[in-house]
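Undergrad: Quick one, what's the 3D model for this:
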Amino acid sequence: MKLKVDWSIKSNDSHSAIELSLKRFDRYLRDQGLRESSIVDYVARTARYLKWAQTDRPTIDQLNQYREILHDRNLSRSSMNNYSFSFKRYYKMLGESIELPFMNRNENLPYFFDEEDILKIFSVCNNMKHKTMLTVLFYASLRSTELCNLDDKDIDLKALTIRIREGKGGRDGIAFISEECSDAIKRYLEVRPPLTLEDGSHPLFYTDYSNRWKYRKLHQMFIYYKEKAGVTKSGAVHVFSRHSPASIMISQGCDIRIVQTLLRHKDIRTTVRYCHIADETARQWHDKTLKLQF
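TA: Numbering: from 1, shown residues only. Modelled structure (predicted):
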């Protein structure tokens, strides 16, 4: 007697379709020549959208509904634009062309950590690996993905430089580090065993499970030390490693174009956001020095 069993493989629905579509989207973005950091960001934003919609092919009505949800969260203009960039590329991969409004970026810099905040964060970090990561982030003014992508070969302790690899379609760059940062890396390397990943690379920083660090884990690590230090200002890793070094350098009198070079900004308008710090410093020097003795 024949068994009454249905041996057909049933696709688990929308979840499997979404995962497959996200993998396809990742490959699509790589073929477009986007930077690794942009690929990671676009895929993550699109993943949140598709999981909310519970389908790999959301309708335009669903897209508009999700954008309303994002607006209700009071996201920054740059974050909303990044969502729009992600959605436009995803729908283009599907063969659809959509138009989404571009929000002009707010050029004001709302917050940064000052020298006291930075020192507090460093002082509470008693893990050598974590402290070295924070030190490299700050002194080299690195983005999170740039730190996670560092290999041993990218560090030149004699020249006090770090090679930034942007990946396919991006531009490699050089970041400077201080003697203090170099010493921290040397102490770290004396303790850290070398690691070779399956792709043959040798990551400078890796987790206790022998994987490269990811942005989410790096974010969690930083927030832990920020809260431990009692720093209550808004901001996470990007504020610590980008806004704060730029603001501190300008407050010490560094020329705006030098800061542009050090932070590897393509457009000077990105760096000009920090000029209000120079204005504050100018005011302090004005009040301190422009005095008449009657």
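
Undergrad: for stretch 130-141, what is the average pLDDT?
TA: The pLDDT scores in stretch 130-141 average 96.

Undergrad: Report the distance from that stretch to the chain centre.
TA: Stretch 130-141 sits 14 Å away from the centroid of its parent chain (CA atoms, centre = their mean, to the nearest Å).

Undergrad: Could you list the residues in contact with that stretch?
TA: For stretch 130-141, contacts defined as CB atoms under 8 Å, 6 or more residues apart in numbering pick out 118, 121-122, 125, 142, 144, 147, 150, 162, 175-178, 180-181, 184-185, 187-188, 205, 213, 218, 221-222, 225, 237, 240-242, 244-246, 262-263. Backbone N, C-alpha and C define where each C-beta goes, glycine included.

Undergrad: Just those: which are in helices?
TA: 118, 121-122, 144, 147, 180-181, 184-185, 187-188, 218, 221-222, 225, 237, 244-246, 262-263 (DSSP state H).

Undergrad: Quick check on those: which are buried?
TA: Buried members of those, counted by 16 or more other CB atoms under 10 Å: 118, 121, 144, 147, 181, 184-185, 188, 218, 221-222, 225, 237, 244-246, 262-263.

Undergrad: Let me see the ranges of the strands in the stretch 151-294 of the chain.
TA: Counting by DSSP state E, counting those that start in this stretch, the stretch 151-294 of the chain has strands at residues 155-156, 161-164, 173-176.

Undergrad: so which of those gets nearest Thr55?
TA: strand 161-164 (38.1 Å; CB to CB).

Undergrad: who touches stretch 183-192?
TA: Against stretch 183-192 from outside (CB under 8 Å, 6+ apart): Met128, Lys129, Lys131, Thr132, Thr135, Val136, Ile155, Leu157, Ile177.

Undergrad: So what's the gap between it and the chain middle?
TA: That offset, for stretch 183-192, works out to 24 Å (CA atoms, centre = their mean).

Undergrad: what does the average pLDDT come to for it?
TA: 96.

Undergrad: and if you look at stretch 36-50?
TA: 91.

Undergrad: can you check stretch 245-253 too?
TA: Across stretch 245-253, the average pLDDT comes to 84.

Undergrad: same thing with stretch 18-30?
TA: Rounded mean pLDDT across stretch 18-30 is 94.
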